[in-house]
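S.K.: this one's sequence-less:
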């Protein structure tokens, strides 16, 4: 009896090789090749012909002659989710949302579907991991009494597409894409080939029929979406759930969005009745001190279009022969660079000190506008002198010691003034033409000038 031929497919890029290798020859990732059985030639022909039939044919047109109108958006009833999506869901859009197990993906989507259904839109919730009774129990816990959301417990793609054809829903949620399989392939559900194929069918169906499709994706232990990377390229929007499962706060961040701003975030609080939007997220990321403490500095960071006030805390302590540099919520390599700038251009040495930096509230800060606040917090902890009450700072610090402007500086300053801050140390290029009521501004150009200015405020 002839042995079935096997194929090894990379779970990172989707590339294939006839034999197992420790490293994928296409993308270079290690230990990502998974054994699978290739499909027959006849099945492949039938598969692609079925996909082609879902996409309507179109003619070539000149770009200037194509009528471009703003796409209509439908609010979901969850203001923070609508903010991340760019104002609401778009007909025919495909959204991919991922996050750690138990962080609230299914809870948020069930609440959003119930809000859309109550607004007169037909919805369908397809679950491949739970039974209909389990989904009903969750809806009762969330207080969604008498919800009319349609639920289908199914994992076969052909059955799901037939149900969509019959019910014609406006919004379809697939929870999760890793549990769906098509009979046109022989590999197991969750494999690279199955995820890619099922996602392609659902995407073409969404574009052809104008159905909004939301795909729930699993994540790997590194925190990336499981499956081939092409999955993120096929969809219109990619959302990530962030936050600690031990905390009651969750962040939803847009990594990719063809209909809105990238890196926009929505802030939610997990309650007994599900996820609730937080209207003033800056209060989460600010510690409540009775008096100012050394090693603390507040900055205004931008997450998409939203300015947020975040407290940066630093602790400088006597270290051993190999001092440690540890940062939580900020880049560790950038911390080492900033300490070198602080020593060279401001005369503040920390080479024999352990330096720990933390962004309060579990938020991750990736923009360089946090540089000035980090250095001021380190200097404050080293001297044991607290910064004045109501003090904020932001600005990028270069290797030559210059303080560069941050984008949209006036919006940052207005947000700080609105929340009661009174003193701001900002790059000179970010000085507004008109004074901001209640806010005293100190323009600076170099890091040594910023350190000297802070010492004057003691």
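M.R.: That came in fine, so what should we check first? Note that the structure is a prediction, hence the values are computed from the model and not measured.
S.K.: where does the stretch 101-250 of the chain dip in pLDDT?
M.R.: Applying pLDDT under 70 to the stretch 101-250 of the chain flags the ranges 245.
S.K.: all helices of it, in order?
M.R.: Counting by DSSP state H, counting those that start in this stretch, the stretch 101-250 of the chain has these helices, from start to end: 105-118, 132-141, 157-167, 192-209, 230-234.
S.K.: Between helix 157-167 and the longest one, find me the angle.
M.R.: Going back to what we said before, that points to helix 192-209. With axes from the mean of the first three to the mean of the last three CA atoms, to 10 degrees defining the directions, helix 192-209 sits at 20 degrees from helix 157-167.
S.K.: gap between helix 192-209 and the chain center?
M.R.: Averaging C-alpha positions (CA atoms, centre = their mean, to the nearest Å) puts helix 192-209 23 Å from its chain's average.
S.K.: Low-confidence ranges, the stretch 251-400 of the chain, go.
M.R.: Regions of the stretch 251-400 of the chain meeting the criterion pLDDT under 70 are absent.
S.K.: try 90
M.R.: Applying pLDDT under 90 to the stretch 251-400 of the chain flags residues 251, 259-265, 270-273, 278-292, 302-308, 318-323, 329, 331-332, 349-352, 360-366.
S.K.: residue boundaries of the strands in it?
M.R.: Assigned by DSSP state E, counting those that start in this stretch, the stretch 251-400 of the chain shows strands spanning 265-271, 274-277, 296-303, 306-318, 325-328, 353-359, 391-393, 396-397.
S.K.: Select, out of those, the one closest to residue 447.
M.R.: Across the strands of the stretch 251-400 of the chain, residue 447 has its closest neighbour in strand 396-397 (5.6 Å, CB to CB). In this view, the C-beta of every residue, glycine as well, is placed from N, C-alpha and C.
S.K.: Could you point out the helix or strand that follows that closest one?
M.R.: Using DSSP states H and E, the helix or strand that follows strand 396-397 in sequence is strand 403-404.
S.K.: re the thing from before, so which of the helices of the stretch 101-250 of the chain is nearest residue 7?
M.R.: Taking CB to CB as the criterion, residue 7 comes closest to helix 192-209 out of these, the separation being 9.0 Å.
S.K.: Tell me which other helices or strands the closest one touches.
M.R.: strand 7-10, strand 33-36, helix 41-54, strand 94-98, helix 157-167, strand 171-175, strand 212-217, helix 230-234 (3 or more CB pairs under 8 Å, 6 or more residues apart in numbering; DSSP states H and E).
S.K.: and the angle for that helix with strand 212-217?
M.R.: Using the same axes, to 10 degrees, helix 192-209 lies at 170 degrees relative to strand 212-217.
S.K.: With respect to burial, which of the strands of the stretch 251-400 of the chain scores highest?
M.R.: When you average the neighbours per residue for each of the strands of the stretch 251-400 of the chain (mean count of other CB atoms under 10 Å), strand 391-393 leads with a mean of 27.
S.K.: just checking, what packs against it?
M.R.: Applying 3+ CB pairs under 8 Å, 6+ apart, one finds that strand 391-393 contacts strand 296-303, helix 371-383, strand 423-427.
S.K.: Show the end-to-end separation of stretch 362-378, please.
M.R.: Stretch 362-378 has an end-to-end distance of 19 Å (CA to CA, to the nearest Å).
S.K.: List the buried residues of it.
M.R.: The neighbour-count criterion (16 or more other CB atoms under 10 Å) identifies 362-363, 365, 368-378 as the buried residues of stretch 362-378.
S.K.: quick one, which of the helices and strands packed on helix 192-209 is nearest to residue 406?
M.R.: Judging these by CB to CB, what sits closest to residue 406 is helix 230-234, at 28.9 Å.
S.K.: Now that closest one: buried residues?
M.R.: Burial within helix 230-234, assessed by neighbour count using 16+ other CB under 10 Å, is assigned to 231, 232, 234.
S.K.: which of those residues lies closest to residue 212?
M.R.: Proximity of those to residue 212 was ranked by CB to CB; the top entry is residue 234 with 15.0 Å.
S.K.: For residue 434, see how far away the closest one is.
M.R.: From residue 234 across to residue 434, the span is 47 Å (CB to CB, to the nearest Å).
S.K.: returning to what we had before: and which of the buried residues of helix 230-234 is nearest to residue 288?
M.R.: Comparing those against residue 288 with CB to CB places residue 232 closest, at 38.7 Å.
S.K.: residues in contact with the nearest residue to that closest one once chain neighbours are set aside?
M.R.: The spatial neighbour of residue 232 that comes closest, neighbours along the chain excluded (CB to CB, 6 or more residues apart in numbering), is residue 238 at 5.2 Å. Residue 238 sits next to 95, 96, 97, 98, 225, 232, 254, 255, 256, 257 when contact means CB atoms under 8 Å, 6 or more residues apart in numbering.
S.K.: How about residue 238: which residues does it bridge to?
M.R.: The residues listed as beta-bridge partners of residue 238 by DSSP bridges are residue 96, residue 256.
S.K.: how far away is the residue minimising distance to the centre of the chain from residue 269?
M.R.: Residue closest to the mean C-alpha point of the chain, counted by CA atoms, centre = their mean, is residue 253 at 2.7 Å. If you measure residue 253 against residue 269 using CB to CB, the figure is 16 Å.
S.K.: Same question for residue 400.
M.R.: When CB to CB is applied, the distance between residue 400 and residue 269 equals 43 Å.
S.K.: and if you look at residue 283?
M.R.: Taken as CB to CB, the spacing of residue 283 relative to residue 269 amounts to 11 Å.
S.K.: ditto for residue 308
M.R.: With the distance defined as CB to CB, residue 308 ends up 15 Å from residue 269.
S.K.: before we move on, back to that, mind putting the buried residues of helix 230-234 in TSV, distance to residue 423 included?
M.R.: Rendered in TSV, the data for the buried residues of helix 230-234 read as follows (distance: CB to CB, whole Å):
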residue	distance to residue 423
231	48
232	43
234	49
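S.K.: Residue 299 is nearest to which of the helices of the stretch 101-250 of the chain?
M.R.: Of all the helices of the stretch 101-250 of the chain, helix 105-118 comes closest under CB to CB, at 28.8 Å.
S.K.: Could you check the angle that closest one makes with strand 94-98?
M.R.: Interaxial angle of helix 105-118 relative to strand 94-98 (the same axes, to 10 degrees): 150 degrees.
S.K.: ok, and for stretch 212-224, which residues are buried?
M.R.: In terms of neighbour count (16+ other CB under 10 Å), stretch 212-224 has its buried residues at 212, 213, 214, 215, 216, 217, 218, 219.
S.K.: now it, how far from the centre of its chain.
M.R.: Computed by CA atoms, centre = their mean, the chain-centroid distance of stretch 212-224 equals 11 Å.
S.K.: Likewise for stretch 389-401?
M.R.: Averaging C-alpha coordinates over stretch 389-401 and over its chain gives two centres that are 26 Å apart (CA atoms, centre = their mean).
S.K.: repeat for stretch 167-186
M.R.: With CA atoms, centre = their mean as the basis, the distance from the averaged C-alpha position of stretch 167-186 to the chain average is 23 Å.
S.K.: Pull out the buried positions in that stretch.
M.R.: For stretch 167-186, the neighbour count (16+ other CB under 10 Å) marks 169-182, 184-186 as buried.
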